[in-house]
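Engineer: sequence below, structure please.
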Amino acid sequence: MQETLKYIQENKQRYIDELFELLRIASISADPAYKDEVLKCAGVVANHLKNAGADEVEVCETPGNPIVYGEKIIDKNLPTVLVYGHYDVQPPDPLELWNKPPFEPYIQKTEIHPDGAIFARGSADDKGQFFMHVKAFEAMMQTNSLPCNVKFIIEGEEEVGSVSLAGWVTENKEKLACDCILISDTGLYSREQPTVTTGLRGLSYVEVEVEGPDRDLHSGLYGGAVPNPIHVLSRMIAQLIDEKGKITIDGFYDNVLEVSTEERAEMNKLKDDPAKFMESIGLKGVEGEEGYTKLERTSIRPTLDCNGIWGGYTGEGAKTVIPSKAFAKISMRLVPYQTPDEITEKFKNYFEKIAPDNVKVKVTPHHGGMPYVLPSDTKEFQAARKAMETAFGTEVLPYRSGGSIPITAMFEDVLGAKSVLMGFGQDSDAIHSPNEHYGLFNFYKGIESIPLFFENYAQ
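Structural biologist: Modelled structure (predicted):
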């Protein structure tokens with residue numbers, strides 16, 4: 001392993017130069033105008049895999065954007081690790097909020113990254129992170145230290161819901177056969193307190209509509225005598241959570257996994273500073289479900305949030321109407337063993353139950369995703385934890401993320417393998433926002449940690 005780490009150290013600048021090449025490609029999957037850039041990026045990723053030492057490298061067509069596949073099978077009797085990442089990126093808008101053009105990468109020191117961070121769209125999500133795996137693989141190949149088999153799938157539609165991935169994985173189930181999946185599309189709690197993500201929340205997302213009168217009405221002639229859909233919708237949304245932060249939907253908590261006291265205690269070893277958290281988002285106080293810490297509320301407990309609400313006149317000036325309809329978008333983050341279908345149905349039934357008789361309501365499901373947990377006593381978690389403790393030189397703790405990565409549940413369902421979420425980003429990286437960046441320290445620590453994971457897992 002010392003030879004591998006020496007190789008990494010000697011090639012650091014080249015790694016950055018090659019990553020910059022990737023970051024200059026505007027592989028925006030949400031905008032068809034960038035289709036050629038997406039295809040170009042897939043080709044560049046394939047070339048990097050070939051140059052790193054992968055065999056059977058393919059740019060695989062799908063109904064959408066291509067998936068890049070590569071593998072290195074050194075012994076069929078050894079375990080196989082499947083590495084997942086994505087080369088597509090979010091649109092950079094609003095452009096005027098970027099300090100420099102989003103596809104012209106540069107390095108700048110920050111308070112959090114005193115040794116510098118790479119600023120560019122995709123630097124942390126996910127080009128910088130999946131590229132760590134390519135370079136770690138290259139280092140193992142060049143030093144003849146790859147201890148087990150490896151396969152890569154780098155997709156181009158993650159930022160638009162991975163719409164082609166499940167079908168492609170199912171069709172290529174035998175090709176993708178593996179013992180575990182390694183993903184770096186998550187983050188560390190902090191540089192000082194590294195973590196391995198052991199859980200992700202699922203999602204149920206719905207749009208609701210409340211209809212009152214059959215047309216907009218004059219608020220002077222009708223006000224005080226008819227139901228105002230905005231008022232009704234507001235009262236209904238307010239009923240969804242009680243004064244103790246509990247969600248009131250009938251049966252909402254029926255299948256919620258209650259995390260053990262021991263696991264909660266380990267989670268709360270993280271140095272969580274509520275005052276710093278509030279300052280970081282401009283708040284004077286927090287709220288949530290009683291009986292749980294902020295860390296627990298944002299990870300092991302389900303939530304419900306109104307993401308948008310509208311209706312009536314919202315243009316310039318005044319228009320005195322009682323609107324015919326009001327709308328809202330509502331998301332519910334789920335935990336094991338809740339399912340999107342179950343929660344969406346329970347929401348629909350409850351929302352219809354609490355609606356007044358003098359309005360009509362409609363609930364339209366949008367999309368969802370399953371929650372995911374990697375138990376901390378598994379071989380996969382222990383291999384990741386040991387690798388990162390060696391690389392960082394400090395204790396590594398399990399961490400439940402509040403976000404969702406629906407493909408993890410799909411991988412387990414189709415391939416029968418657990419996903420290890422060994423990410424190196426940070427909450428401050430501004431992913432999906434202007435001035436996205438990824439710390440040099442994080443990038444290099446990822447490249448150092450990955451060969452150690454392979455070594456531990458192969459043992």
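Engineer: please identify the buried residues of the helix or strand containing Val196?
Structural biologist: Assigned by DSSP states H and E, Val196 falls within strand 195-200. For strand 195-200, the neighbour count (16 or more other Cβ atoms under 10 Å) marks Thr195, Val196, Thr197, Thr198, Gly199, Leu200 as buried. No exception for glycine: its C-beta is placed from N, CA and C like everyone else's.
Engineer: need the contact list for the fourth one.
Structural biologist: By Cβ atoms under 8 Å, 6 or more residues apart in numbering, Thr198 lies in contact with Val373, Leu374, Pro375, Ser376, Phe381, Pro398, Tyr399, Arg400, Leu421.
Engineer: apply 6 Å and report the result again.
Structural biologist: Leu374, Ser376, Pro398 (Cβ atoms under 6 Å, 6 or more residues apart in numbering).
Engineer: could I get the pLDDT score of the residue lying closest to Glu58 once chain neighbours are set aside?
Structural biologist: Excluding its sequence neighbours, the residue lying closest to Glu58 (Cβ to Cβ, 6 or more residues apart in numbering) is Tyr69, at 4.8 Å. At Tyr69, the model reports a pLDDT of 98.
Engineer: what is the burial count for Tyr69?
Structural biologist: 22 (other Cβ atoms under 10 Å).
Engineer: so what's it bridging to?
Structural biologist: Per DSSP bridges, the residues bridged to Tyr69 are Glu58, Ile153.
Engineer: helices and strands of the chain: which one has the lowest mean pLDDT?
Structural biologist: Least confident helix or strand of the chain, by mean pLDDT, DSSP states H and E, is helix 274-280 with a mean of 82.
Engineer: if we can go back for a sec, please state the offset of the following helix or strand past the strand holding Val196 from the chain centre?
Structural biologist: Where DSSP H and E defines the elements, the next helix or strand beyond strand 195-200 is strand 202-211. How far strand 202-211 lies from its chain's middle: 21 Å, per Cα atoms, centre = their mean, to the nearest Å.
Engineer: can you list contacts of strand 202-211?
Structural biologist: Outside strand 202-211, the residues touching it (Cβ under 6 Å, 6+ apart) are 229, 232-233, 325-332, 334, 340, 343-344, 359-371, 404.
Engineer: measure Ile107 to Ile118 for me?
Structural biologist: From Ile107 over to Ile118 the distance is 6 Å, taken as Cβ to Cβ, to the nearest Å.
Engineer: just so I have it, where are all the helices in the stretch 51-200 of the chain?
Structural biologist: 127-142, 165-171 (DSSP state H, counting those that start in this stretch).
Engineer: among the ones you listed, which comes closest to Ile183?
Structural biologist: helix 127-142 (8.8 Å; Cβ to Cβ).
Engineer: ends of stretch 212-223, what's the gap?
Structural biologist: For stretch 212-223, the first-to-last residue distance is 13 Å (Cα to Cα, to the nearest Å).
Engineer: same check on stretch 355-362?
Structural biologist: 10 Å.
Engineer: how far off centre is that stretch?
Structural biologist: With Cα atoms, centre = their mean, you get 36 Å for stretch 355-362.
Engineer: low-confidence regions, the protein specifically.
Structural biologist: Scanning the chain for pLDDT under 70 picks out no residues.
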